[in-house]
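Enquirer: Here's a sequence, model it:
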Amino acid sequence: MELFAYNMAEIFNRIGEMRKILVLCTGNSCRSQMMEGWLRYFGKEKVEVYSAGVETHGVNETAIKVMRQAGVDISNHTSNNINEYLTINFDLVVTVCDHAKERCPVFPTTARKEHHNFTDPAKAEGSEEEKLAVFKKVRDEIRDYSRTLLEELSLLN
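Expert: Residues are numbered from 1 along each chain as shown. Below you'll find the predicted structure:
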């Protein structure tokens with residue numbers, strides 16, 4: 001599955017240099033936190049990953065729980081605002097929800113920009129079991145997207 005119409009691997013062809021990736025979401029509590037965790041997990045020493053929101057809502061406890069169940073610890077992550085990272089020269093900026101893409105259409109960077117809208121698991125309704133199932137589904141979708149993204153960039157460890 002090819003995510004990009006152009007060859008992004010060429011952009012990231014600087015040998016031995018870590019790539020800086022920013023993942024953006026609305027509140028930097030679930031989706032962006034999970035993607036940051038997966039990108040770090042799959043990219044290891046090849047990527048330097050940050051996540052931020054157009055707002056900050058704190059890291060969601062259920063996101064921490066489902067990531068831990070998958071073997072990725074995000075319990076030490078913090079919820080950060082995009083303004084904290086305006087001076088960092090990112091190679092790639094990924095928005096993971098339509099709201100962040102709409103609220104942050106111009107990021108002052110020369111970085112490549114990618115977008116994939118994931119369902120917000122924090123808005124899931126139903127029993128605790130049903131809500132947990134939504135978190136796991138989104139976690140797995142983000143895992144697969146993250147792995148494919150790094151594979152496309154030749155950054156998969």
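
Enquirer: from here on, contacts and neighbour counts on C-alpha atoms
Expert: Noted.

Enquirer: and the spatially closest residue to Lys44 that is not a sequence neighbour, how many neighbours does it have?
Expert: Excluding the flanking residues, the one nearest Lys44 by CA to CA, 6 or more residues apart in numbering is Asn157, at 6.4 Å. For Asn157, the count of nearby residues is 14 (other CA atoms under 10 Å).

Enquirer: What are the neighbouring residues in contact with Asn157?
Expert: Residues near Asn157 by CA atoms under 8 Å, 6 or more residues apart in numbering: 42-44, 46.

Enquirer: Paired strands for the helix or strand hosting Val93, with orientation please.
Expert: Using DSSP states H and E, Val93 sits in strand 92-95. Using DSSP bridges, strand 92-95 pairs in its sheet with strand 19-25 (parallel), strand 112-115 (parallel).

Enquirer: Go ahead and report the secondary structure state at Thr109.
Expert: Put simply, Thr109 is coil when judged by DSSP: H, G, I helix; E, B strand; the rest coil.

Enquirer: and the gap between it and Thr87?
Expert: Distance of Thr109 to Thr87, given as CA to CA, to the nearest Å: 9 Å.

Enquirer: With neighbour numbers in mind, choose between those two.
Expert: Thr109 (15 against 9).

Enquirer: Would you confirm that the more buried one contacts Phe90?
Expert: Yes: using CA atoms under 8 Å, Thr109 makes contact with Phe90 at a distance of 7.0 Å.

Enquirer: picking that back up, check the contacts of Asn157 for burial and list the buried ones.
Expert: Buried members of the contacts of Asn157, counted by 16 or more other CA atoms under 10 Å: 42-43, 46.

Enquirer: looking at this structure, which helix or strand does the model trust least?
Expert: Counting by mean pLDDT, DSSP states H and E, the chain has its least confident helix or strand at helix 8-11, which shows a mean of 52.

Enquirer: rewinding a little: ranking the strands paired with strand 92-95 by burial, who's on top?
Expert: Among the strands paired with strand 92-95, the stretch with the highest mean neighbour count (mean count of other CA atoms under 10 Å) is strand 19-25, at a mean of 25.

Enquirer: can you pull out the helices in this structure?
Expert: Applying DSSP state H to the chain gives helices spanning 8-11, 31-43, 61-69, 98-103, 128-152.
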